[in-house]
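A.B. asks: quick one: sequence plus predicted model below, questions after.
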Amino acid sequence: MGSLTEKDVYNIISSFIDGSINDSGWDGFLYASIKDPYLKEIRDECAVLWEKYPPQNPNEYCNQEGLKVLKNILSDLKSKIETEKQKK
């Protein structure tokens, strides 16, 4: 697989939030090849959510504050994707 795109990252995080991605899919994202510095920063933030926002339950990755961070990342990514669409 080549480097992940903004749409790829958006879809992965969205799937993570709604529970439709499994652990190996999420881990694949955390270790994926990403060339874009902005997307690398997002990936790096996602990789430490469980430390910054410890889960309340053992079957969760992070707490509600961590989920808010993910939702903010999605919102930012969506805006960026839409802005780039308009430029084309």
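C.D. replies: Structure received.
A.B. asks: and the regular element (helix or strand) spanning Glu65, what other elements does it pack with?
C.D. replies: Following DSSP states H and E, one finds Glu65 within helix 64-87. Here helix 64-87 touches helix 6-18, helix 37-47, helix 49-52, going by 3 or more Cβ pairs under 8 Å, 6 or more residues apart in numbering; DSSP states H and E. C-beta: built from backbone N, CA, C; applies to glycine.
A.B. asks: now do the end-to-end distance for stretch 12-32.
C.D. replies: End-to-end distance of stretch 12-32 (Cα to Cα, to the nearest Å): 12 Å.
A.B. asks: can you point out the buried residues in it?
C.D. replies: Residues 12-14, 16, 21, 26, 29, 32 are the ones in stretch 12-32 that count as buried (16 or more other Cβ atoms under 10 Å).
A.B. asks: can you tell me which of those residues is nearest Glu82?
C.D. replies: Ser14 (14.8 Å; Cβ to Cβ).
A.B. asks: what pLDDT does the model give that closest one?
C.D. replies: Listed pLDDT for Ser14 reads 97.
A.B. asks: could you do Lys87 as well?
C.D. replies: pLDDT, Lys87: 84.
A.B. asks: and for it, the neighbour number?
C.D. replies: 5 (other Cβ atoms under 10 Å).
A.B. asks: what residue is smack in the middle of the chain?
C.D. replies: Ile13 (3.7 Å; Cα atoms, centre = their mean).
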